[in-house]
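Engineer: What would the 3D arrangement of this be:
(one chain, ligands or ions: 2)
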Amino acid sequence: MSASSPSVPVSGTGVVPGIAYAPVVWIRPRPELPKGGEAVPEEHREAEYERFQSAAETVAQRLENRSEQAEGPAAEVLKATAGMVRDRGWQKAVRKNVRGGHSAEYSVVTATDKFVNMFEAAGGVMAERTMDLKDIRDRVVAELRGEPEPGLPQVSKEAVLFADDLSPADTAALDTTHIIGLVTELGGPTSHTAIIARQLNLPCIVAAGVALRNISAGEVVLVDGALGTVTVDADPEEARQMVAESRSRAEAIARWVGPATTRDGHRVQLLANVQDGNAARIAASSQAEGIGLFRTELCFLNATEEPSVEEQAEVYSKVLAAYPESKVVVRSLDAGSDKPIAYANMSEEENPALGVRGLRIARDNEALLTRQLDAIALASQKLGRGEQAPTWVMAPMLATAREAKWFAGLCQERGLTAGAMIEVPAAALMADKIMPYLDFVSIGTNDLTQYTMAADRMSPQLAYLTDPWQPAVLRLIKHTCLEGKRTGTPVGVCGEAAADPLLACVLTGLGVDSLSAASTAVAGVGAQLAEVDLETCQKAAEAALDSSGAQEAREAVRAILLG
Ligand code: PEP
Ligand code: MG
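Structural biologist: Ligands and ions are numbered 1, 2, ... in the order given. Okay, the predicted model is just below:
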């Protein structure tokens, strides 16, 4: 690529912020899997099975040795993977296939397929385990063939590791003195790769897509784990400066401990956004003080039928239990638009983002909402949550005072603290009429931006409009905060804006009381707030409000906060 035509960066989901600049190494390929093979004569089948057993034992031993050299979750992952190689059920399935006359290699493949299909059918967490199964299959097949172990290459210099996906065992065995960044084509923010990369504080991007394959081993790349971008033709001088800045920022973030305050002691509550018990437990091990947004609809994306009150309570308990002594804000089902739920969204719509989504579903189906509220109340009671560990409930997509009154009434009947998301511009503008019914509000900047700018949040072409730095959005936030102060209603922000350390300062300056973001972003926000005083945040807020556009607002705020 010539300097005059810089390539478009490959982008994915940034899961661990930080900058890495180094040549690429690709993970060693997985073995070609046999599709059949010659029948093994009866008299050789016992020996063939022994051949499998010995290969499996070598693989398990190797993983165990690595586990002994690792610590924490990495050691556990390696030990668990070794355990899977020795799993009786899996080995029995291989034996059955070998006894049926198949080669050890082919028997391993078909036995694994059987379990993969079973796990995929079960869905959820079980489906995530199929990656581990395929990994042990590949290791054993390579061992049977005398091929090198698939997975991590040996590296002796700093490098960024690229992979289609990393198995938990590979991620756990990473040589972090040399591997300084991680990019995977597949995977998601809660995959093992992401969890361990977070633990190692290794800049990491997942779900970068097939475009990643266009980048060859040895090419020098700039990985931005916050933006989720991989650039192949970055200016070396600028890249090195970015690395240096990122390291000193990472050091400040690693040193930071909550609870968050500005330099002059103004308190801002930092909370986490989660979608299940697993994410809540990860949040509890971060500096997040509680949960500011539990997206309940994400628990039921695959459900064809509505879970019973008891089943729902079980799911909610897992999240509540992660914070037995602090606040958890549960959002009622935000089904519809980009998150359709089979049992909640009844009809096809022309414009689903402007359609029957969120609280609107309950207008014609109040029982769906009240069963959910019953389940939240049940989970909260069972765990004995009270004033020390309040359970708050908020409605998504609320637009009118009448809806606020109705929702609050249903919550109060069940002893729940009622709030609403401010994500429809009308709700921000009508805050004075809405707030009297509610105990708190939380601004959803993702949708508030989409609806204020009339720009689909899913559209990559409109990303310049769906930018929470848009002064129009900030003006609605300011109005909401002013009404919050006037009516004594706490105002939080739980959209992605809360994850941006500089924008977090602006929001604090506007009067927001709490910020809720992905738990990985919390320490970065806390460390930034600790460096500025409230008056500077207020000046930054004024500058942003007075800017003519999002980019101008960013620049004005950078100049004030970073000098
Ligand atoms: C938002 O709209 O900002 C928000 C937090 O909700 P979601 O992203 O789930 O729509
Ligand atoms: Mg929203």
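
Engineer: and this protein, which of its residues are near ligand 2?
Structural biologist: Contact residues of the chain with respect to ligand 2, defined by Cβ under 5 Å from the ion, are listed as 423, 444, 447. No exception for glycine: its C-beta is placed from N, CA and C like everyone else's.

Engineer: Pick the one among the residues you listed closest to residue 322.
Structural biologist: Distance from residue 322 was checked for each of those by Cβ to Cβ. The minimum falls on residue 444, at 22.0 Å.

Engineer: Would you mind measuring from that closest one to residue 476?
Structural biologist: As defined by Cβ to Cβ, to the nearest Å, residue 444 lies at a distance of 11 Å from residue 476.

Engineer: When the two are compared, which one has more neighbours?
Structural biologist: Regarding residue 444 and residue 476, a neighbour count based on other Cβ atoms under 10 Å identifies residue 444 as having more, with 29 against 23.

Engineer: thought that one was touching residue 420?
Structural biologist: No: applying Cβ atoms under 8 Å as the test, residue 444 and residue 420 come out as separate, 9.8 Å apart.

Engineer: rewinding a little: between the residues of the chain next to ligand 2, which is closest to residue 390?
Structural biologist: Distance to residue 390, by Cβ to Cβ, is smallest for residue 444 among these, at 20.3 Å.

Engineer: And the closest one, its phi and psi?
Structural biologist: Note on residue 444: backbone dihedrals following degrees, to the nearest 10 are phi -90, psi 90.

Engineer: Would you enumerate the residues in contact with the closest residue to it other than its chain neighbours?
Structural biologist: Nearest in space to residue 444, with sequence neighbours left out and distances taken as Cβ to Cβ, 6 or more residues apart in numbering, is residue 423 at 3.4 Å. Residue 423 makes contact with 396-397, 443-448, 451, 495, according to Cβ atoms under 8 Å, 6 or more residues apart in numbering.

Engineer: ok, those residues vs residue 26, which is closest?
Structural biologist: When the contacts of residue 423 are ranked by distance to residue 26 (Cβ to Cβ), residue 446 comes first, at 34.4 Å.

Engineer: just to revisit the earlier point, okay, and the common contacts of residue 444 and residue 476?
Structural biologist: If you check residue 444 and residue 476 against Cβ under 8 Å, 6+ apart, the residues they both contact are residue 422.

Engineer: Distance check, residue 432 against ligand 2.
Structural biologist: Residue 432 sits 22 Å away from ligand 2, taking Cβ to the ion, to the nearest Å as the criterion.

Engineer: give the contact list for that residue.
Structural biologist: For residue 432, the set of contacting residues under the criterion of Cβ under 8 Å, 6+ apart consists of 483, 486-487.

Engineer: on that earlier part again, which pLDDT value belongs to the residue nearest to residue 444?
Structural biologist: In this prediction, residue 423 carries a pLDDT score of 97.

Engineer: phi, psi of it?
Structural biologist: Here the main-chain torsion angles of residue 423 (degrees, to the nearest 10) amount to phi -140, psi 0.

Engineer: same deal with residue 180?
Structural biologist: Given degrees, to the nearest 10, the pair of backbone angles that residue 180 has is phi -110, psi 0.

Engineer: Burial check on it, number of neighbours?
Structural biologist: Burial of residue 180, expressed as a neighbour count using other Cβ under 10 Å, amounts to 19.

Engineer: how about low-confidence regions in this structure?
Structural biologist: 1-7, 73, 123-128, 188-192, 195, 199, 460-461 (pLDDT under 70).

Engineer: for ligand 1, what are the nearby residues on it?
Structural biologist: Where the chain comes near ligand 1, counting by Cβ under 6 Å from any ligand atom, the residues are 293, 295, 334, 423, 444-447, 494-495.

Engineer: okay, the host helix or strand of residue 24 in CSV with CA atoms only?
Structural biologist: Remark: residue 24 resides in strand 19-26, with elements defined by DSSP states H and E. Taking Å, rounded to 0.1, in the frame of the first residue of the first chain, the C-alpha atoms of strand 19-26 are listed here in CSV:
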residue,chain,number,x,y,z
ILE,A,19,-1.8,0.5,21.7
ALA,A,20,0.5,-2.2,20.3
TYR,A,21,2.9,-1.6,17.4
ALA,A,22,4.8,-4.7,16.1
PRO,A,23,5.0,-7.2,13.3
VAL,A,24,2.2,-9.8,13.0
VAL,A,25,2.6,-13.5,13.8
TRP,A,26,-0.2,-15.8,12.8
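
Engineer: next one: the next helix or strand along the chain from that strand to chain centre, how far?
Structural biologist: Reading on from strand 19-26 to the C-terminus, the next helix or strand found by DSSP H and E is helix 45-69. Taking the mean C-alpha point of helix 45-69 and that of its whole chain, the gap between them comes to 35 Å (Cα atoms, centre = their mean, to the nearest Å).

Engineer: Please point out which parts of the helix or strand following helix 45-69 sit buried.
Structural biologist: Scanning forward in sequence from helix 45-69, with DSSP H and E defining helices and strands, the next element found is helix 72-85. Neighbour-count burial for helix 72-85 flags 73-74, 77-82, 84-85 (criterion: 16 or more other Cβ atoms under 10 Å).

Engineer: How about stretch 479-494?
Structural biologist: Within stretch 479-494, the residues that qualify as buried are 479-481, 483-484, 489-494, counting by 16+ other Cβ under 10 Å.

Engineer: right, and out of those residues, which lies closest to ligand 2?
Structural biologist: The shortest gap between ligand 2 and any of the buried residues of stretch 479-494 belongs to residue 494, at 8.6 Å (Cβ to the ion).

Engineer: With residue 355 as the reference, measure out to that closest one.
Structural biologist: When residue 494 is compared with residue 355 (using Cβ to Cβ), they lie 22 Å apart.

Engineer: can you redo the buried residues of stretch 479-494 as a markdown table with distance to residue 41?
Structural biologist: Written out in a markdown table, the entries for the buried residues of stretch 479-494 read as follows (distance: Cβ to Cβ, whole Å):
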| residue | distance to residue 41 |
| --- | --- |
| 479 | 82 |
| 480 | 78 |
| 481 | 79 |
| 483 | 83 |
| 484 | 80 |
| 489 | 79 |
| 490 | 76 |
| 491 | 76 |
| 492 | 71 |
| 493 | 70 |
| 494 | 65 |
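
Engineer: The residues you listed in strands, which ones?
Structural biologist: Assigned to strands by DSSP state E, the following of those qualify: 491-493.

Engineer: Among these, which one lies nearest to residue 11?
Structural biologist: Out of these, the one with the shortest distance to residue 11 is residue 493. That distance is 24.4 Å, counting by Cβ to Cβ.
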